[in-house]
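following is a predicted model, sequence given first.
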Amino acid sequence: MNCDVCCSFPLSDMLAAHLKYKGIGTLLVKKVSAESASEFGEIVADAETGELLHYAEKPETFVSEWINCGVYIFTPEIFLAIQGVASERNNHGTLRRVSSFEALHFTTKSTQADFVRLDQDILTPLAGKRKLYTYETQDFWEQIKTPGMSLKCSSLYLAQYRLTAPDLLAKGDKSNSAKFVGDVYVHPSAKIHHTAKVGPNVSISGSARIGPGVRLIGCIILDDVEIKENALISHSIVGWKSIVGRWARVQGVGDYTAKLGITILGEDVQVEDEVVVTNCIVLPHKTLNLSVHDEIIL
């Protein structure tokens with residue numbers, strides 16, 4: 001599976017379909033808008049059999065509203081297909097790890113002899129040969145291409161918990177508990193003052209300490225974070241062991257596709273009292289004693 005996708009990962013259902021199809025591979029696919037389809041690998045499949053008939057990686061012209069979700073089940077025969085591609089290039093069929101820099105480099109240079117691409121070199125040639133099949137997901141699916149998408153994906157998983165594992169979500173049904181709005185996850189070791197208001201779409205990790213009067217909206221609070229009284233955290237990710245002071249504001253506009261659409265505090269960042277941080281990325285071990293906005297703090 002691709003490392004930059006967010007979905008429900010219906011692997012059990014995919015495996016059942018894969019065993020029924022008896023092909024060498026099954027792709028998770030989803031129907032999206034025609035406007036956004038060209039950003040992904042587009043597929044054409046047989047509506048009755050599910051067979052993958054055609055595959056085009058980010059085509060310049062419209063092919064289909066169905067896209068490849070980046071989750072696969074393969075039989076060991078896939079390695080023979082990889083070996084066959086490499087053998088055609090007079091090389092050995094090998095797999096190797098590459099850095100993200102190398103991967104980007106290969107997109108602009110000629111294909112290396114020992115570098116086999118799953119989409120162009122395997123999926124496209126095998127389409128229409130009764131070897132690859134598709135499994136459609138009706139659940140959510142997103143691609144994580146910006147830091148802000150982490151917050152959107154967190155909210156999608158929280159919504160999924162509401163349907164599949166509601167016991168994981170905070171209830172706030174005790175008289176001395178904080179007020180929870182919408183979908184909220186709280187680690188059992190976290191401490192939240194009863195006057196705080198949390199949610200919607202908030203995840204609070206282990207040993208976090210949320211003080212009196214704090215307001216949390218659409219954010220991720222990581223381990224050992226302390227949010228002091230009357231602070232506000234909105235559309236932000238607060239890194240491990242960070243401290244947000246009294247009456248401080250750490251906020252973003254909530255544009256998940258923008259580079260600076262949210263605020264991210266790295267590990268051990270200290271935001272002093274009454275400081276406002278808006279749409280910023282702050283690297284670890286920094287202390288902010290002045291308000292900042294739309295900046296990357298190195």
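Noted; the coordinates are in hand. Predicted, not measured: the structure shown is a model, and the values here were computed from it. Residues are numbered from 1 along each chain as shown.

Ile144 is in contact with Cys6, isn't it?
Yes - contact criterion CB atoms under 8 Å: Ile144 and Cys6 qualify, at 5.9 Å. (C-beta placed from N, C-alpha, C; glycine too.)

who touches both of the two?
Cys153 (CB atoms under 8 Å, 6 or more residues apart in numbering).

break this structure down into its domains, please.
Here the domain parsing of the chain from automatic domain parsing is 5-143, 148-297.

okay, how far is it across the longest one, tip to tip?
Taking CA to CA, to the nearest Å, domain 148-297 runs 17 Å from one end to the other.

for it, give the mean pLDDT please.
Averaging pLDDT along domain 148-297 gives 95.

give me the distance between it and the centre of its chain.
Centroid separation for domain 148-297 versus its chain: 18 Å, with CA atoms, centre = their mean, to the nearest Å.

swap in the first one?
Between the mean C-alpha location of domain 5-143 and the chain-wide mean there is a distance of 19 Å, by CA atoms, centre = their mean.

now do the same end-to-end measure for it.
5 Å.

any idea of the mean pLDDT in it?
For domain 5-143, the per-residue pLDDT averages 85.

for the top strand by length along the chain, packing partners?
Longest strand in the chain by number of residues (criterion: DSSP state E): strand 66-74. For strand 66-74, the elements it packs on are strand 5-7, helix 11-21, strand 25-31, strand 41-45, judged by 3 or more CB pairs under 8 Å, 6 or more residues apart in numbering; DSSP states H and E.

do that again at 6 Å, thanks
helix 11-21, strand 25-31, strand 41-45 (3 or more CB pairs under 6 Å, 6 or more residues apart in numbering; DSSP states H and E).

which one of these lies closest to Val186?
Closest approach to Val186 among those is made by helix 11-21 (27.7 Å; CB to CB).

the inter-axis angle of that closest one versus strand 66-74?
Between helix 11-21 and strand 66-74, the angle comes out at 80 degrees (axes from the mean of the first three to the mean of the last three CA atoms, to 10 degrees).

elements contacting helix 11-21?
Right, helix 11-21 is packed against strand 25-31, strand 66-74, strand 132-136 by 3+ CB pairs under 6 Å, 6+ apart.

quick check: angle from the shortest one to strand 25-31?
Taking the same axes, to 10 degrees, one finds that strand 132-136 is oriented at 40 degrees with respect to strand 25-31.

which of the residues in strand 132-136 are buried?
Judged by neighbour count (16 or more other CB atoms under 10 Å), strand 132-136 contains these buried residues: Leu132, Tyr133, Thr134, Tyr135.

may I see the buried residues of the helix of greatest length in the chain?
Across the chain, the helix with the greatest residue count (assigned by DSSP state H) is helix 148-164. Buried residues in helix 148-164, counted by 16+ other CB under 10 Å: Gly148, Met149, Leu151, Lys152, Cys153, Ser154, Ser155, Leu156, Tyr157, Leu158, Ala159, Tyr161.

cool, stretch 74-86 as well?
Going by neighbour count (16+ other CB under 10 Å), the buried part of stretch 74-86 is Phe74, Ile78, Ala81, Ile82, Gln83, Val85, Ala86.
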